[in-house]
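Engineer: Need the 3D shape of this:
(one chain, ligands or ions: 1)
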Amino acid sequence: MINKIEVKNLKKNYGSFTLGPNSFGIKKGFITGFIGKNGMGKTTTIKSLLSLINYEGEIFVDGKDSKDLDYLQDVGIIMDDSFLSKDWNIYLVNEAMKCGYKNWNEEKFFEYLNQFEIEKNKKIKELSRGMKIKLMFSIALSHGANLLILDEPTSGLDPSMRDELTDMLKEFVEDENNTVLFSTHITEDLDRIADYIIFIDRGKIIDDCSKEEFEGRYFVLKGGEEDLKLLEKYEVLGIKSSSTYFEALVKNITEENISEGLIVEKPDINKVLVLYGREK
Ligand SMILES: Nc1ncnc2c1ncn2[C@@H]1O[C@H](COP(=O)(O)OP(=O)(O)OP(=O)(O)O)[C@@H](O)[C@H]1O
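Structural biologist: This next block holds a predicted model:
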């Protein structure tokens, strides 16, 4: 499997928060979902991949050092902090992109705008969050990008639009030269389209594997209050409990390892995120 992006010892300090050092790869031709709770370092990682912030470590795109910035011509981006000026209307956006991207396809851009029903006379500041995301999608798909890096692209979209956009991402990677990395809190979208999962917690990447492997690694142990002592032999990654029962998240256990009296279940990605790091 070829890595589209190769990250080595990526590190960034923000006061009390430290990202990394993390090393990981983004597989070419696939969709990788980037997950983690709020404030764990997803956007900081994405900003590093896009050379929007300074960092320690090395990032290679198609084997080339990202420091020369040429790779950005081929990257489609969706981020909350839009790089578009708030006073531009859509025609001005088109002109700006024409100057910025060597392979800008104006015709394709206006086709997407029609498909997404975006009014061309509106200024960026007059667009709703959902409309802004659709505009950024239109830009991302109109300059011949072979890599999409998307920070929470589907949040703020209604379910039918989310469905349409996730279908578009699936279609995008039908060409094996195309790659998608997207962060999200909407695990339903990961269930639908992600091939690989990167899971970050407190700045450290703790899982970087296929979605199937990720789902195979975690287990939920359930029991009544009187069974709590049975958890002592496990490394509990998070627990939700009431006065009568508990659910504990554990990793990499074998069936013969499970104490009698405990119920074992396979969690979905959402359940892993709900329980991970929880203390009661
Ligand atoms: N420019 C900055 N200056 C100082 N601290 C920052 C800055 N940007 C991010 N941080 C801190 O870095 C940490 C990670 O933030 P980041 O935005 O990467 O998390 P995230 O996983 O994307 O979170 P969310 O899911 O809420 O978007 C947080 O503690 C945040 O406060």
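
Engineer: Can you tell me how far residue 200 is from the ligand?
Structural biologist: Distance from residue 200 to the ligand, counting by CB to the nearest ligand atom, to the nearest Å: 7 Å. Where C-beta positions appear, they are placed from N, C-alpha and C, glycine not excepted.

Engineer: and that residue, helix, strand or coil?
Structural biologist: Of the three states, residue 200 takes strand according to DSSP: H, G, I helix; E, B strand; the rest coil.

Engineer: quick one: it and residue 42 touch, right?
Structural biologist: Yes - look at residue 200 against residue 42 with CB atoms under 8 Å: they come within range, at 6.1 Å.

Engineer: Next, show the common contact partners of the two.
Structural biologist: 34, 35, 36 (CB atoms under 8 Å, 6 or more residues apart in numbering).

Engineer: Not counting residues beside it along the chain, what's closest to the first one?
Structural biologist: Nearest residue to residue 34 in three dimensions, chain neighbours excluded: residue 183, at 4.0 Å (CB to CB, 6 or more residues apart in numbering).

Engineer: For beta bridges, what are the partners of that neighbour?
Structural biologist: Note on residue 183: beta-bridge partners residue 34, residue 151, judged by DSSP bridges.

Engineer: rewinding a little: closest one to residue 262 out of the shared contacts of residue 200 and residue 42, please.
Structural biologist: Relative to residue 262, the closest of those is residue 35; by CB to CB it sits at 26.6 Å.

Engineer: Now do that closest one: how many residues are near it, please.
Structural biologist: Residues near residue 35, counting by other CB atoms under 10 Å, number 26.

Engineer: Relative to the ligand, how far out is it?
Structural biologist: Residue 35 is 9 Å from the ligand, by CB to the nearest ligand atom.

Engineer: May I see the shared contacts of residue 200 and residue 42 organised as JSON lines, with pLDDT added?
Structural biologist: What follows is the shared contacts of residue 200 and residue 42, written out as JSON lines (pLDDT from 0 to 100):
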{"residue": "34", "pLDDT": "97"}
{"residue": "35", "pLDDT": "96"}
{"residue": "36", "pLDDT": "94"}
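
Engineer: What is the nearest of those residues to residue 168?
Structural biologist: residue 34 (18.3 Å).

Engineer: OK, contacts around that closest one?
Structural biologist: Per CB under 8 Å, 6+ apart, neighbours of residue 34: 42, 45, 46, 181, 182, 183, 184, 198, 200.

Engineer: cool, residue 29 as well?
Structural biologist: Counted by CB under 8 Å, 6+ apart, residue 29 has contacts 2, 4, 173, 176, 177, 178, 179.

Engineer: residue farthest from the centroid of this structure?
Structural biologist: residue 226 (39.2 Å; CA atoms, centre = their mean).

Engineer: Pretty sure that one sits in a helix.
Structural biologist: Yes - under three-state DSSP, residue 226 sits within a helix.

Engineer: Which strands or helices does the helix or strand containing residue 208 pack on?
Structural biologist: For residue 208, the element it lies in under DSSP states H and E is strand 204-210. Other elements packing on strand 204-210 under the criterion 3 or more CB pairs under 8 Å, 6 or more residues apart in numbering; DSSP states H and E are strand 17-27, strand 196-201, helix 211-217.

Engineer: Close to the ligand: what parts of this protein are there?
Structural biologist: For the chain, the residues in contact with the ligand (CB under 6 Å from any ligand atom) are 14, 17, 36, 38, 39, 40, 41, 42, 43, 44.

Engineer: where exactly do the strands run in this structure?
Structural biologist: Using DSSP state E, the strands of the chain run over 3-14, 17-27, 31-35, 56-61, 64-65, 75-78, 147-151, 179-183, 196-201, 204-210, 218-224, 238-241, 245-251, 263-265.

Engineer: Just the CA atoms from the fourth one would do, formatted as PDB, please.
Structural biologist: The C-alpha coordinates for strand 56-61 follow below in PDB (Å, rounded to 0.1, in the frame of the first residue of the first chain):
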ATOM      1  CA  GLU A  56       8.600  20.200  14.200                       C
ATOM      2  CA  GLY A  57       9.100  17.000  12.200                       C
ATOM      3  CA  GLU A  58       8.800  16.100   8.500                       C
ATOM      4  CA  ILE A  59       5.800  15.700   6.100                       C
ATOM      5  CA  PHE A  60       6.200  14.100   2.700                       C
ATOM      6  CA  VAL A  61       3.500  14.200   0.000                       C
END
